[in-house]
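K.L.:
structure of the sequence below:
(chains A, B, C, D and E)
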Amino acid sequence: MKKIGIADTTFARYDMYESAVDELSRIGTGYEIERYTVPGIKDLAIASQKLIDSGCDIVMALGMPGPEPIDKQCADQASKALLYVELKKNTHIIEVFVHEDEVEEEKDLADLADKRAREHAENVYDLLFRPERLEEEAGRGEREGFPDVGPLR
Amino acid sequence: MKKIGIADTTFARYDMYESAVDELSRIGTGYEIERYTVPGIKDLAIASQKLIDSGCDIVMALGMPGPEPIDKQCADQASKALLYVELKKNTHIIEVFVHEDEVEEEKDLADLADKRAREHAENVYDLLFRPERLEEEAGRGEREGFPDVGPLR
Amino acid sequence: MKKIGIADTTFARYDMYESAVDELSRIGTGYEIERYTVPGIKDLAIASQKLIDSGCDIVMALGMPGPEPIDKQCADQASKALLYVELKKNTHIIEVFVHEDEVEEEKDLADLADKRAREHAENVYDLLFRPERLEEEAGRGEREGFPDVGPLR
Amino acid sequence: MKKIGIADTTFARYDMYESAVDELSRIGTGYEIERYTVPGIKDLAIASQKLIDSGCDIVMALGMPGPEPIDKQCADQASKALLYVELKKNTHIIEVFVHEDEVEEEKDLADLADKRAREHAENVYDLLFRPERLEEEAGRGEREGFPDVGPLR
Amino acid sequence: MKKIGIADTTFARYDMYESAVDELSRIGTGYEIERYTVPGIKDLAIASQKLIDSGCDIVMALGMPGPEPIDKQCADQASKALLYVELKKNTHIIEVFVHEDEVEEEKDLADLADKRAREHAENVYDLLFRPERLEEEAGRGEREGFPDVGPLR
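P.N.:
Take a look at the predicted model:
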């Protein structure tokens, strides 16, 4: 039995946790889930660290940075902190960030958040249980949340 | 009895410490407060570290970066240092920064600083005493200092 | 017998692993190869760390960041994390990144990725088995993937 | 008896060390001073580390970055390194940087450097000997080198 | 007998190693030199770390970043990694970077690289053998590779 940690925020405007959990349940079994909710994306790194300390074998960090330049700066800080925890704890943390300016219409943002959370949930499952699937897809232009662009040529 | 550390600066133009302490007293009890004042936002990280070394279970770091590009650079350095301390000490540090250019009129800046300090004080209380409240609000588009934007759709 | 680790991604649009392995086989022997495939460039650092923990004497980290500003930010985060692992583990990690906007025509991107992977494979071989070759080429304006620019004057 | 370390550079165009030492002597006693001069601002972090290793209770890092974009990048690197040493050694390092483009006329730059060094020297003294003075000034819009802007409203 | 490490790259377009070694031989004796050549500037940090592990008392890191924005980003990563090694190993690393866009004419670039390497070689010698010379020059507006700008006023 593996344990998957999921860190998320009250700042986000979509409940990506539900999408991730639902997708994981479609894919397979053999894991339990622990959740840790924090105010904003800058708090995701310590939440992830505490999830790993609590026994998680992998963590998903779910966040939705805003569209302003200062939001990009905050997202950069949050991402770097997640990378630091990942390397310090030697445990994969899959960052699932949806930037508000990735789509033009607000109505498309919820779809993007849902799809990205689901496709990264599959990555999490693959890393834990079937890494050979990732190797088969190496260099194939996969995209999470948007259609895959495919390999060159 | 928990201990909440509050680090603040002489550079800031509003006493957010008073707002945070007042709000905490409205919300509940069970904690004591320790303060550490430094010259500027770049000094908040070591102040937070010393507060944690002194027994604080969580820290609020209060700062007001200026509006110039160099101020944004300083704020970025300060934020990254706060994240580093947070992860090194495995203790939540809630960054409460108010940027001078977040509002157009100077008269709105004091209101923003007061509200943001109060709403983050509630986050601090929740993280310490009732984390289930954060989980209930996950993905609901909460904003500190400004009106919540709410969930998508 | 040395061990060369190769980390790559499903995000990339070209299988640079094949180019690197093919080139290494042309250059010489005395090594075995271990592969670790992850979803995106931000996952390359932990993949590299795990490859080194698994006994690799050097690692190639293969990635293809996208053309948008946010992609540059992600590449910066990924590069810094790779440097951190390299210094923590005291083991060379050769970053082989191909940015989608390095060439104007998409058809040139596959060629660039292939050539860069091959020329860095030679660097990896030199670092492992014949460092004196690098010293002979010091200051000579070598470029990986594009024609060498040569020394000044 | 406390020890104050002062790190400075040959790159700077004003001897801020003299200003800082003179101001400290006006404010009070109970300390000795150790100096460490390096070529440029990027060398200030290791100079500060060596000063702390040598017994300093606090360090002033004096530097004057140039006006070009690359100078801002260097200053950012230097500042982050100073923060890293500060947190690693758990010892305050007061960064005193004067950017050449903070004033329009070169003749105002020497005044700014002199004043900033003096006002930060007072911060250093306060942190060492009378931290309650900083707490009294919290949130009051203090500025080092320029006139204080004061609290909002 | 001291040991000076020199790390350089095959990417650079000028052999700054020769300039540095020649200048050191003009200035004085009492040291030996160890060289470590790597492909690019991002590899200079681990080369410097290995030189220090091999017994070097100080390191020169010689590099020539290109003129594009991505080159500036790489130089920033390389510089931060050099700072990290310097602080971790508590050993001076003198970064000698020449940016291709520092001069307008390519013919001036070789001169700049030669002069900068020589003037930093003197800094290295001073740090090792006569630090009092740096203190005498503090605040005097020294520049490496270009004419000194001198002190203000």
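
K.L.:
quick check, central residue of chain A?
P.N.:
Central residue of chain A (CA atoms, centre = their mean): residue A:96, 2.8 Å from the mean position.

K.L.:
now do the buried residues in the helix or strand hosting residue A:114.
P.N.:
Per DSSP states H and E, residue A:114 falls inside helix A:106-129. Residues of helix A:106-129 classed as buried: A:109-110, A:112-128 (neighbour count, 16 or more other CB atoms under 10 Å in any protein chain shown). From N, CA and C alone the C-beta is placed, and that goes for glycine too.

K.L.:
do it and chain B meet at all?
P.N.:
Yes - using CB under 8 Å from any CB of the partner chain, helix A:106-129 reaches chain B at A:106, A:107, A:109, A:110, A:113.

K.L.:
same question for stretch A:35-43.
P.N.:
Yes - residues of stretch A:35-43 contacting chain B under CB under 8 Å from any CB: A:35, A:36, A:37, A:38, A:39, A:42, A:43.

K.L.:
residue of chain A with the smallest distance to chain B?
P.N.:
Nearest to chain B in chain A, going by CB to the nearest CB, is residue A:15, at a distance of 3.5 Å.

K.L.:
for that residue, what are its contacts?
P.N.:
Contact analysis of residue A:15 by CB atoms under 8 Å, 6 or more residues apart in numbering or on different chains lists A:8, B:138, B:139, B:140, B:151.

K.L.:
quick check: phi and psi at it.
P.N.:
The phi/psi pair for residue A:15 (degrees, to the nearest 10) reads phi -90, psi 80.

K.L.:
how close does it get to chain C?
P.N.:
Between residue A:15 and chain C the distance is 22 Å, computed by CB to the nearest CB, to the nearest Å.

K.L.:
same question, residue A:27
P.N.:
To chain C, residue A:27 is 15 Å away according to CB to the nearest CB.

K.L.:
quick check: the gap between the residue nearest to that residue when sequence neighbours are not counted and residue A:90.
P.N.:
Spatial nearest neighbour of residue A:27, chain neighbours left out: residue A:125 (5.0 Å); criterion: CB to CB, 6 or more residues apart in numbering or on different chains. Look at residue A:125 and residue A:90: by CB to CB, to the nearest Å, they are 20 Å apart.

K.L.:
same thing with residue A:23?
P.N.:
Distance of residue A:23 to residue A:90, given as CB to CB: 26 Å.

K.L.:
the more surrounded of the two?
P.N.:
Ranked by neighbour count (other CB atoms under 10 Å in any protein chain shown), residue A:23 and residue A:90 place residue A:23 first, with 19 against 11.

K.L.:
quick one: contacts for the more buried one?
P.N.:
With contacts defined as CB under 8 Å, 6+ apart, the neighbours of residue A:23 are A:117, A:118, A:121, A:122.

K.L.:
buried ones in stretch A:47-64?
P.N.:
For stretch A:47-64, the neighbour count (16+ other CB under 10 Å) marks A:47-52, A:56-64 as buried.

K.L.:
do a quick rundown of the strands in chain A.
P.N.:
Ranges of strands within chain A are A:2-9, A:31-38, A:58-63, A:93-97, based on DSSP state E.

K.L.:
picking that back up, and the contacts of residue A:15 near chain C, which?
P.N.:
Of the contacts of residue A:15, not one also sits near chain C (CB under 8 Å from any CB).

K.L.:
so which of those wins on neighbours?
P.N.:
For the contacts of residue A:15, neighbours were counted using other CB under 10 Å, and residue A:8 has the most, 30 neighbours in all.

K.L.:
what does chain A put close to chain D?
P.N.:
For chain A, the contact set with chain D under CB under 8 Å from any CB is empty.

K.L.:
quick check, the residue in chain A closest to chain E?
P.N.:
Counting by CB to the nearest CB, chain A gets nearest chain E through residue A:80, at 11.3 Å.

K.L.:
number of residues surrounding residue A:152?
P.N.:
21.

K.L.:
pLDDT at it, what is it?
P.N.:
At residue A:152, the pLDDT value in this model is 95.

K.L.:
got phi/psi on it?
P.N.:
When read as degrees, to the nearest 10, the backbone of residue A:152 gives phi -70, psi 160.

K.L.:
want to throw the residues of stretch A:35-43 next to chain B into a markdown table with neighbour count?
P.N.:
Output for these, formatted as a markdown table (neighbours: other CB atoms under 10 Å in any protein chain shown):
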| residue | neighbour count |
| --- | --- |
| A:35 | 19 |
| A:36 | 24 |
| A:37 | 26 |
| A:38 | 29 |
| A:39 | 24 |
| A:42 | 24 |
| A:43 | 28 |
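
K.L.:
ok, and of these, which contact chain E?
P.N.:
By CB under 8 Å from any CB, no member of those lies near chain E.

K.L.:
quick check: the farthest pair among the residues you listed?
P.N.:
Using CB to CB, those span at most 18.3 Å, a distance reached by A:35 and A:42.

K.L.:
before we move on, the earlier item: from the contact counts, what lies against the helix holding residue A:114?
P.N.:
Here helix A:106-129 touches strand A:2-9, helix A:16-27, strand A:58-63, strand A:93-97, helix A:131-136, going by 3 or more CB pairs under 8 Å, 6 or more residues apart in numbering or on different chains; DSSP states H and E.

K.L.:
show me what it is in contact with.
P.N.:
By CB under 8 Å, 6+ apart, the list of residues contacting helix A:106-129 from outside reads A:2, A:4, A:12-14, A:16-17, A:19-24, A:27-28, A:30-31, A:57-58, A:60, A:62, A:64, A:92, A:94, A:96, A:98, A:100, A:102-103, A:133-134, A:144-146, B:152-153, C:38-39.
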